[in-house]
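>>> Have a look; sequence and predicted model below, questions after that.
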Amino acid sequence: LYLKEKVEKLFPSPHRELANALQFGFKRNIPREIKDAFIKTGTAHLLAISGLNITLVGGFFYFLLAFLGLARSLNLMFTVLFIAVYVVLAGADPPVLRAGVMGIAVLAGFLLEQERHIKSALFFAFFLLLIADPKLLFLASFQLSFVAVASLIFILPILEKGWFSDRRQKRVSHLVRQNWWIRLSRFLIRTFATSFAATVGMFPLLIWYFNQFSLTSFLANAVAIPVCNFGTVAALLVLLIDLMGLPFVRLLVFIPTALLDLELNIVKWFSEIPFGYFYLPKPTWIFFVSYYSFLIAWLVFSRRAAVLESVGFKGRAVLPRLRFLCLGGLVFTVVLFLLGSR
């Protein structure tokens with residue numbers, strides 16, 4: 001509450017409400033029209049503390065200690081402690097706990113000089129939280145949080161491998177010679193791929209819990225997420241400077257305020273696009289089973305193809321065909337559901 005009051009004194013409205021939501025999960029005071037705009041554009045996840053916030057806050061704290069010259073082992077231990085405290089300050093909701101446990105597990109692996117394994121951290125967090133409270137399995141926030149992270153772990157690498165293949169990179173390098181433009185294009189494509197992968201994994205759950213799907217969510221997230229990252233980090237820096245009692249903090253508030261204002265304008269603009277979102281009925285269990293069966297089968301065949309290629313074996317021609325059939329079945333399931341919905 002002390003940090004929340006600090007933010008309220010530094011930032012004007014509605015930027016103070018947005019800053020508190022992005023940093024500490026206090027989103028009750030956000031005006032209804034702003035919440036609706038985030039929901040319509042599929043960017044409402046930015047208002048909830050999740051792995052994105054833990055990564056930003058923990059990464060900022062780690063690099064700050066590294067800049068001060070602290071030893072790596074001490075830096076990791078202090079960062080683990082800081083993440084634990086931050087999780088408590090943010091309310092310790094299921095998404096926050098999941099992100100915090102995952103972050104601590106990865107950092108503990110660094111401390112023990114073990115190879116980073118994000119999949120192990122995900123399943124460790126999953127079972128640890130269920131052992132502590134099995135009822136979490138039936139909460140929407142818990143399900144959406146883990147499915148989103150699992151989508152980024154399993155689906156995103158396959159998309160990136162296809163979109164950033166050597167052949168595609170050569171085409172880009174022939175067309176565009178500027179390194180900065182190539183880096184920018186790769187950054188935008190990766191951001192879009194991240195949004196697309198998460199949406200593919202959560203599509204049935206989003207419809208089940210919200211009865212709404214946003215067609216603009218892919219582009220909206222690709223633009224809004226980077227601005228949100230910069231705005232969150234800038235707000236944290238200003239808050240840190242204020243806690244240190246430095247007198248020029250008021251002169252720096254305009255930087256995060258401008259970024260947060262840009263975030264609000266981007267979300268508002270996307271929410272006003274005609275037919276940018278529509279409502280859907282709750283899907284049946286048949287849709288759930290069909291959708292995730294085809295998706296998991298596509299992931300399995302894609303994984304097997306990647307393993308075969310990594311050892312120099314091209315594999316049989318049947319694998320690409322099976323992947324195509326699974327992808328076609330996934331698309332057919334979605335089209336059939338949309339055609340049968342009012």
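Received it, and whenever you're ready, just let me know what you need.

>>> Could you report the distance from residue 237 to residue 256?
Noted for residue 237: a distance of 8 Å to residue 256, by C-beta to C-beta, to the nearest Å. C-beta: built from backbone N, CA, C; applies to glycine.

>>> Looking at the two, which one has more neighbours?
Neighbours were counted for residue 237 and for residue 256 using other C-beta atoms under 10 Å; residue 256 has more, 26 against 16.

>>> Any buried residues in the helix or strand hosting the more buried one, and which?
Here residue 256 is covered by helix 254-271, with elements defined by DSSP states H and E. Judged by neighbour count using 16 or more other C-beta atoms under 10 Å, the buried positions of helix 254-271 are 256-257, 259-264, 266-267, 270-271.

>>> contact partners of the helix or strand following that helix?
The helix or strand immediately downstream of helix 254-271 is strand 277-279, counting by DSSP H and E. For strand 277-279, contacts defined as C-beta atoms under 8 Å, 6 or more residues apart in numbering pick out 40-42, 211-216, 271.

>>> Walk me through which strands strand 277-279 pairs with, and which way each runs.
Strand 277-279 sits in its sheet next to strand 212-214 (antiparallel), going by DSSP bridges.

>>> Does anything pack onto the next helix or strand after the strand it pairs with? Which helices or strands?
Of the helices and strands lying after strand 212-214 in sequence (DSSP H and E), the nearest is helix 217-243. On a contact count with 3 or more C-beta pairs under 8 Å, 6 or more residues apart in numbering; DSSP states H and E, helix 217-243 meets helix 2-10, helix 15-24, helix 51-67, helix 179-210, helix 249-252, helix 254-271.

>>> Which one of those helices lies nearest to residue 339?
helix 179-210 (14.6 Å; C-beta to C-beta).

>>> and that closest one, what does it pack onto?
Judged by 3+ C-beta pairs under 8 Å, 6+ apart, the packing partners of helix 179-210 are helix 140-154, helix 156-163, helix 166-175, strand 212-214, helix 217-243, helix 285-310.

>>> could you redo the last one with a cut-off of 7 Å?
Judged by 3 or more C-beta pairs under 7 Å, 6 or more residues apart in numbering; DSSP states H and E, helix 179-210 is in contact with helix 140-154, helix 156-163, helix 217-243, helix 285-310.

>>> can you give me the offset of the second one from its chain's centre?
Spelled out, it's helix 156-163. With C-alpha atoms, centre = their mean, to the nearest Å as the basis, helix 156-163 stands 16 Å off its chain's centre.

>>> Now do the same for it: mean pLDDT, whole number.
The average pLDDT for helix 156-163 rounds to 76.

>>> Which positions in it come out as buried?
In helix 156-163, counting by 16+ other C-beta under 10 Å, buried: 156, 158-160.

>>> Any regions of the stretch 51-200 of the chain where pLDDT drops low?
Counting by pLDDT under 70, the stretch 51-200 of the chain has low-confidence residues at 51-53, 55-56, 60, 89-95, 106, 109-117, 162-185, 187.

>>> Mind putting the buried residues of helix 254-271 into a markdown table with distance to residue 133?
As requested, the buried residues of helix 254-271 are arranged in a markdown table below (distance: C-beta to C-beta, whole Å):
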| residue | distance to residue 133 |
| --- | --- |
| 256 | 35 |
| 257 | 39 |
| 259 | 36 |
| 260 | 34 |
| 261 | 39 |
| 262 | 39 |
| 263 | 33 |
| 264 | 35 |
| 266 | 37 |
| 267 | 33 |
| 270 | 36 |
| 271 | 35 |
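
>>> TSV please, covering the residues you listed and showing distance to residue 99 and pLDDT.
What follows is these, written out as TSV (distance: C-beta to C-beta, whole Å; pLDDT from 0 to 100):
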residue	distance to residue 99	pLDDT
256	22	87
257	26	90
259	22	90
260	22	90
261	27	92
262	25	92
263	21	90
264	24	92
266	24	92
267	22	92
270	26	92
271	26	90
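
>>> got the contact list for the closest residue to residue 202 other than its chain neighbours?
What sits nearest to residue 202 in space, not counting adjacent residues and going by C-beta to C-beta, 6 or more residues apart in numbering, is residue 147, at 5.2 Å. Residue 147 makes contacts with 201-202, 205, as judged by C-beta atoms under 7 Å, 6 or more residues apart in numbering.

>>> Pick the one among those closest to residue 16.
Closest to residue 16, out of all of those and judged by C-beta to C-beta, is residue 202, at 29.7 Å.

>>> returning to what we had before: between the buried residues of helix 254-271, which is nearest residue 141?
Nearest to residue 141 out of the buried residues of helix 254-271 is residue 267 (C-beta to C-beta; 20.7 Å).
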